[in-house]
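> can't give you the sequence, but here's the structure:
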């Protein structure tokens with residue numbers, strides 16, 4: 001798992017880095033290795049914005065954005081949103097994999113029975 005963090009118009013803080021890494025661990029448990037993620041934190045006037053892009057092995061790319069007035073709340077909201085998105089995608093793929101094959105209709109099974117009796 002690799003998480004790159006970029007700070008724009010914001011001083012790099014170990015506390016923000018630690019918070020992001022801790023929250024991203026919850027997201028990463030739903031993905032297959034290798035995981036590459038890029039988090040961009042930036043300030044626009046009074047709002048703190050964050051954008052997270054995640055690439056996982058054999059899966060699609062996930063992107064989420066969040067904007068609030070507090071940097072910690074932005075990270076929390078962003079990671080919650082990303083976890084929900086990734087979890088849904090994983091559950092959908094598992095549901096498709098475990099889905100039963102389409103049932104054979106009655107008319108098709110009758111046609112197969114007739115073909116077997118003719119042989």
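Great, that's in hand. Fair warning: this is a prediction, and the values are worked out from it, not measured in the lab.

> could I get the buried residue list for the helix or strand harbouring residue 87?
Following DSSP states H and E, one finds residue 87 within helix 71-97. By 16 or more other CB atoms under 10 Å, the buried positions in helix 71-97 come out as 71, 74-79, 81-83, 85-86, 89. All C-beta atoms are positioned from the backbone trio N, CA, C, and that covers glycine.

> which strands and helices lie in contact with that helix?
When contacts are defined as 3 or more CB pairs under 8 Å, 6 or more residues apart in numbering; DSSP states H and E, helix 71-97 packs onto helix 14-28, strand 35-44, strand 47-56, strand 61-68.

> so how far is residue 24 from the most centrally placed residue in the chain?
Nearest to the geometric centre of the chain sits residue 86, at 2.4 Å (CA atoms, centre = their mean). Distance, residue 86 to residue 24, by CB to CB, to the nearest Å: 11 Å.

> again with residue 70
The gap separating residue 70 from residue 24 is 18 Å, by CB to CB.

> quick one: which of the two has more around it?
A direct count of neighbours by other CB atoms under 10 Å for residue 70 and residue 24 places residue 24 higher, at 23 against 11.
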